[in-house]
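Visitor: turn this into a model:
(one chain, ligands or ions: 1)
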Amino acid sequence: MGHRSARSKGKEPALVALYNSTRWKQLRSIQLRAHPLCQCPHCQEGTVRVRIANVVDHTVPHRGCPDLFFRQDNLMSMAKAGHDRHKQSQERGGKGFKGGCDDHGEPLDPTHWWK
Ligand SMILES: [Zn+2]
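Guide: Residues are numbered from 1 along each chain as shown. Now for the predicted structure:
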């Protein structure tokens, strides 16, 4: 399970320096002012859910690279509480039926109304 957690954040001295820099603090406040609502796929900046963003995340993981770290267009406002933006972003609607039918022409999905 190659799931990267937020654990690495703040451990590396180089990262701590990036997060503590004045440049980052400015960038962060500009981002939160420009986008005060959570921009994760679940909220979509108020389109789906209105949640106040209180953290700024990187769209492309910077892995300590200052170029990515300080890119304004690589930033995303996020509400810290509650959700993991990676986990369910690929989730499908869950209402669909299995496609196709068997040799007898019956739908393969047991929950289909034909059954
Ligand atoms: Zn959100």
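
Visitor: quick check: Cys40 touching Thr59?
Guide: No - counting by C-beta atoms under 8 Å, Cys40 does not reach Thr59; the two are 10.7 Å apart. Every residue, glycine included, has its C-beta placed from N, CA and C.

Visitor: ok, the residue nearest to Phe69 when sequence neighbours are not counted - how many residues close by?
Guide: Counting by C-beta to C-beta, 6 or more residues apart in numbering, His62 is the residue found nearest to Phe69 once chain neighbours are left out, at 4.2 Å. When counting by other C-beta atoms under 10 Å, one arrives at 16 neighbours for His62.

Visitor: got the contact list for His62?
Guide: Leu18, Leu68, Phe69, Asn74 (C-beta atoms under 8 Å, 6 or more residues apart in numbering).

Visitor: would it count as being in a helix?
Guide: No - under DSSP: H, G, I helix; E, B strand; the rest coil, His62 sits outside any helix and is assigned coil.

Visitor: if we can go back for a sec, please check the contacts of His62 and keep the buried ones.
Guide: Buried members of the contacts of His62, scored by 16 or more other C-beta atoms under 10 Å, are Leu18, Phe69.

Visitor: now render the contacts of His62 as a markdown table, adding pLDDT, secondary structure and distance to Val55.
Guide: Formatted as a markdown table, the contacts of His62 follow (pLDDT from 0 to 100; DSSP: H, G, I helix; E, B strand; the rest coil; distance: C-beta to C-beta, whole Å):
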| residue | pLDDT | secondary structure | distance to Val55 |
| --- | --- | --- | --- |
| Leu18 | 96 | helix | 15 |
| Leu68 | 96 | helix | 17 |
| Phe69 | 97 | helix | 15 |
| Asn74 | 97 | helix | 14 |
